[in-house]
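Asker: Pasting the sequence and the predicted model now:
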Amino acid sequence: MSGMVLSREISSRQKRFLSQFADICDDPRGRLLCDLFRGIKASGSTLLTEISRQLREPIELLYTVKRLSRELSTPRFDVQSEKVASRLLEHEAALVRADDIVAVDTSDLAKPYARVLEDLCVVWDGSKKTSTRGYWLYESYRVDNDGQPHVMQLYPYSTTACDFLSANSEFMVQLEALMDALDGRGILVMDRGCDRRGLYDDLLERPKARWIVRQKGNRHLVGPDGNRKLVRTWARELLADGSKMRFMEVRLPRSDTVLQLVVAAPLHEGDEPLMLLCRLSWWAYVATRAVKGYGKRWRAEDGMRAIKQGLGLEDFLVRTMFAIRALMRMVALVMAFVGELIEKEGKLCEELLALPHRIPKAVKVMLEPIITAMRHAAQHPP
């Protein structure tokens, strides 16, 4: 299949995908949404200059950049892009089945050289292992049967914003929206950064919610005999007989809900064992399933790496929080479209990858090469 035919195929599917989101916006905001979507997808960038070049408007490039910057920063588009994000969450949540993994995590948008961006705060740059300036980013992904991550939420926030209450409150607002959309389907999987008391209070209030949270080891749990010990103490006792994997019933202090503590021996001597606090409905092979479910959480890491590399997520130059939030929502929309192509149009993706263009090495998932291939196809329209 030629590049021109592929471009038509992608454009047709893109039009159908976008229509369900543009319809909830008024006409000016709907046009802006479509312009941003097309520009981000074709340029593989969040820079407004690169997006504007792909729009090919019959005016000077500077005026297109100014228009996008001005419209992105309006409170009206912030409100309507939030509705689009809610629609995307509902769209993706509807595809989650009973035992599918939904990975929830926080990341960073590092902007170490920024000076005039609104509400810059101190974040931990995971790639460089150092503190820097930037924004925090809440993210969630559903993981399909082939291990491909599909973006459900991308929400940036700052600890210096005037309406900021706490990191827990920012996290829980987004997590509660996710759990409302899932309505008991799927299994939430979170890393050690989500081992927070406030999180468990909300999770236990939802009897249908199932989840796996990796433990830091310093939390007290009540065992079946009523004894209260630290998680790492229970882990040592469970693995004392040389077992590779064990589980036991536990409770949080001041709670009657029965949970499961799953412990797996470390791969390397001297490392801490893997400690997972779970609320799962199945009991047969619960330890194996919990460990495998947690392993799929790493697909969120792969997904974020693909977004950062494939779309230059940290390269944005918009200055206001309105614009930053709206831009991240548009990125999530583009990535949802890419994920839908990979999941439903496998043959089309194979054709894209077969085009005579230099495709970068995959980062364990197809997201980045597919983004690059789509960008090449979009830059050579029929």
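Answerer: Nice, thanks for sending it over. Predicted model only: the values in this text are computed from it and were never measured. Numbers count the residues shown, from 1 in each chain.
Asker: How far off centre is the helix or strand containing S131?
Answerer: S131 is part of strand 130-143 when elements are defined by DSSP states H and E. Between the centre of strand 130-143 and the centre of its chain there are 9 Å (Cα atoms, centre = their mean, to the nearest Å).
Asker: Give me the buried positions along it.
Answerer: For strand 130-143, burial by neighbour count (16 or more other Cβ atoms under 10 Å) applies to T132, R133, G134, Y135, W136, L137, Y138, E139, S140, Y141, R142, V143. For every residue, glycine as well, the C-beta is placed using N, CA and C.
Asker: Please name the residues that touch the closest residue to V84 other than its chain neighbours.
Answerer: Once flanking residues are discounted, V84 sits nearest to F21: 5.0 Å by Cβ to Cβ, 6 or more residues apart in numbering. With contact set as Cβ atoms under 8 Å, 6 or more residues apart in numbering, F21 has these partners: L33, V84, R87, L88, L333.
Asker: The third one is in contact with Q20, isn't it?
Answerer: Think R87. Yes - using Cβ atoms under 8 Å, R87 is in contact with Q20, at 7.0 Å.
Asker: L182: neighbour count?
Answerer: Per other Cβ atoms under 10 Å, the neighbour tally for L182 reads 25.
Asker: and the closest residue to E9 other than its chain neighbours, what is it in contact with?
Answerer: Ranked by Cβ to Cβ, 6+ apart and with sequence neighbours excluded, the top spatial neighbour of E9 is L348, at 6.1 Å. Contacts for L348 were tallied using Cβ under 8 Å, 6+ apart; they are L6, E9, I10, L341.
Asker: Tell me the spacing between P149 and G339.
Answerer: 7 Å (Cβ to Cβ, to the nearest Å).
Asker: so what pLDDT did P381 get?
Answerer: pLDDT for P381: 48.
Asker: Repeat that for L355.
Answerer: What the model reports as pLDDT for L355 is 63.
Asker: Please enumerate the strands of this protein.
Answerer: In order along the chain, the chain carries the following strands (DSSP state E): 101-110, 121-125, 130-143, 149-157, 187-190, 211-214, 220-222, 228-230, 245-250, 259-264, 274-279.
Asker: who's in contact with the last one?
Answerer: Under the contact criterion Cβ under 8 Å, 6+ apart, strand 274-279 has outside partners 195, 203, 209-215, 217, 219, 221, 231-232, 235, 250, 257, 259-266, 286, 290-291, 294.
Asker: could you redo the last one with a cut-off of 7 Å?
Answerer: Here strand 274-279 makes contact (Cβ atoms under 7 Å, 6 or more residues apart in numbering) with 210-215, 217, 231, 235, 259-264, 290-291, 294.
Asker: Tell me where the stretch 201-350 of the chain is predicted with low confidence.
Answerer: For the stretch 201-350 of the chain, the stretches with pLDDT under 70 are 282-284.
Asker: Would you map the helices across it?
Answerer: Ranges of helices in the stretch 201-350 of the chain, per DSSP state H, counting those that start in this stretch, are 231-238, 286-295, 298-311, 321-344, 346-354.
Asker: quick one, what contacts V250?
Answerer: Taking Cβ under 7 Å, 6+ apart, we find V250 in contact with L221, V222, G223, L259, L261.
Asker: so V262 makes contact with E249?
Answerer: No - judged on Cβ atoms under 7 Å, V262 makes no contact with E249 at a distance of 11.1 Å.
Asker: Between the two, which has more neighbouring residues?
Answerer: Set side by side, V262 and E249 show more neighbours around V262, with 26 against 11, by other Cβ under 10 Å.
Asker: and that one, what are its bridge partners?
Answerer: Per DSSP bridges, the residues bridged to V262 are F247, L276.
Asker: Spit out the contact partners of it.
Answerer: Neighbouring residues of V262 by Cβ under 7 Å, 6+ apart: F247, L276, C278, V286, A287, A290, V291.
Asker: Quick one: low-confidence residue ranges for the stretch 1-150 of the chain.
Answerer: Scanning the stretch 1-150 of the chain with the threshold set as pLDDT under 70 gives 1-4.
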